[in-house]
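J.: Need a 3D model of the following:
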Amino acid sequence: MQAEEIIARAKAQPQPPDGWVVLPLLRDKVGWGIASWIFGMFVGFGLLAFIVPIVIPHNYQHGLVAALFTTLLLAIMLFIGIGSLWAVIVDVRRLLQVDNYLIVITFDDFVKQEGEKIIHVPLANIRYVTVRGKQPPDRTPPQESTVQQVTETGKNAASFFLGRGLVSGSRPRSRRMRTPTSLAFIDTRTETEVIVVDDTSHGDPFMIAALLKQYMSAVHK
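T.: Numbering: from 1, shown residues only. The predicted model follows:
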């Protein structure tokens, strides 16, 4: 089945075809991401605006070391501000085109639509499914044959320093576990890495990985 046909079938009905895993973009997750990036943008640009009048030109008149340290500090603040602004733009664009962001796992294929870009890899050509990060406890794939959407427990309130992977919950700080920031696999046809997710906007990456491996195991038997 062609990738376009798989995407069309997944979108055509409220419930996915029997046995398919359909993972749409989760608006609330993207919304939390936008909020955190806006905070990072204000922190970066705000600190830059606060520091510049203090260190310029004073720090540049007291030797090379002071000048280099000041330049590095200002560059970090600028990077935080610009990086956060760009992330806000990317996430807003995703929300405006939410129907064009979808992950589908069938009995034979993995398909991901990301805007105008569509990635299609037969399950038989997927190897080395890798989730980067520490696995939270009690993450097991559902046993039902039809899964429409995978979610994680708790809210994902990411900080601008650590990206979208910092989980905020009610556990003590020492027991918190960082949700992975990416899930990927190797396409054996080209020996290239395919990024499945790099945040939680389609659900818990560990759950998605477990589902993908479950469907792969049936194909590789």
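J.: can you pull the buried residues of the lengthiest helix in the chain?
T.: With secondary structure taken from DSSP state H, the chain has its longest helix at helix 64-96. Buried positions in helix 64-96, judged by neighbour count with 16 or more other C-beta atoms under 10 Å: 70, 74, 77, 80-81, 83-85, 87-88, 91, 94. For glycine as for every other residue, the C-beta is placed from the backbone atoms N, C-alpha and C.
J.: and which of those residues is nearest to residue 181?
T.: Using C-beta to C-beta, residue 87 is the member of the buried residues of helix 64-96 that lies nearest residue 181, at 12.9 Å.
J.: List the contacts of residue 201.
T.: Counting by C-beta atoms under 8 Å, 6 or more residues apart in numbering, residue 201 touches 25-26, 29-30, 33, 94, 101.
J.: got those residues as JSON lines, with secondary structure, pLDDT and distance to residue 117 columns?
T.: Shown next, in JSON lines, are the contacts of residue 201 (DSSP: H, G, I helix; E, B strand; the rest coil; pLDDT from 0 to 100; distance: C-beta to C-beta, whole Å):
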{"residue": "25", "secondary structure": "coil", "pLDDT": "91", "distance to residue 117": "14"}
{"residue": "26", "secondary structure": "coil", "pLDDT": "91", "distance to residue 117": "19"}
{"residue": "29", "secondary structure": "helix", "pLDDT": "89", "distance to residue 117": "20"}
{"residue": "30", "secondary structure": "helix", "pLDDT": "90", "distance to residue 117": "18"}
{"residue": "33", "secondary structure": "helix", "pLDDT": "89", "distance to residue 117": "20"}
{"residue": "94", "secondary structure": "helix", "pLDDT": "90", "distance to residue 117": "12"}
{"residue": "101", "secondary structure": "strand", "pLDDT": "93", "distance to residue 117": "10"}
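J.: ok, and the most crowded of these?
T.: Among the contacts of residue 201, the one with the most neighbours (other C-beta atoms under 10 Å) is residue 33, at 24 neighbours.
J.: ok, it to residue 13 distance?
T.: For residue 33, the distance to residue 13 equals 29 Å [C-beta to C-beta, to the nearest Å].
J.: Tell me where the protein is predicted with low confidence.
T.: Along the chain, segments meeting pLDDT under 70 span 133-180.
J.: go again using 50 as the cut-off
T.: Residues of the chain meeting the criterion pLDDT under 50: 144-177, 180.
J.: residue boundaries of the helices in it?
T.: Counting by DSSP H, the helices of the chain are 3-12, 27-55, 64-96, 205-220.
J.: packing partners for the longest one?
T.: Spelled out, it's helix 64-96. Helices and strands touching helix 64-96, by 3 or more C-beta pairs under 8 Å, 6 or more residues apart in numbering; DSSP states H and E, are helix 27-55.
J.: Give the buried residues for the helix it packs on.
T.: Applying 16+ other C-beta under 10 Å to helix 27-55 flags 29-30, 32-34, 36-38, 40-41, 43-45, 47-48, 55 as buried.
J.: Quick check: which helices or strands does that helix pack against?
T.: Helix 27-55 packs on helix 64-96, going by 3+ C-beta pairs under 8 Å, 6+ apart.
J.: Next, find the distance separating residue 18 from residue 130.
T.: Taken as C-beta to C-beta, the span from residue 18 to residue 130 is 29 Å.
J.: The two: which has the busier surroundings?
T.: residue 130 (14 against 8).
J.: you'd agree that one is up against residue 194?
T.: No. The pair residue 130 / residue 194 is not scored as a contact, 10.7 Å apart, by C-beta atoms under 8 Å.
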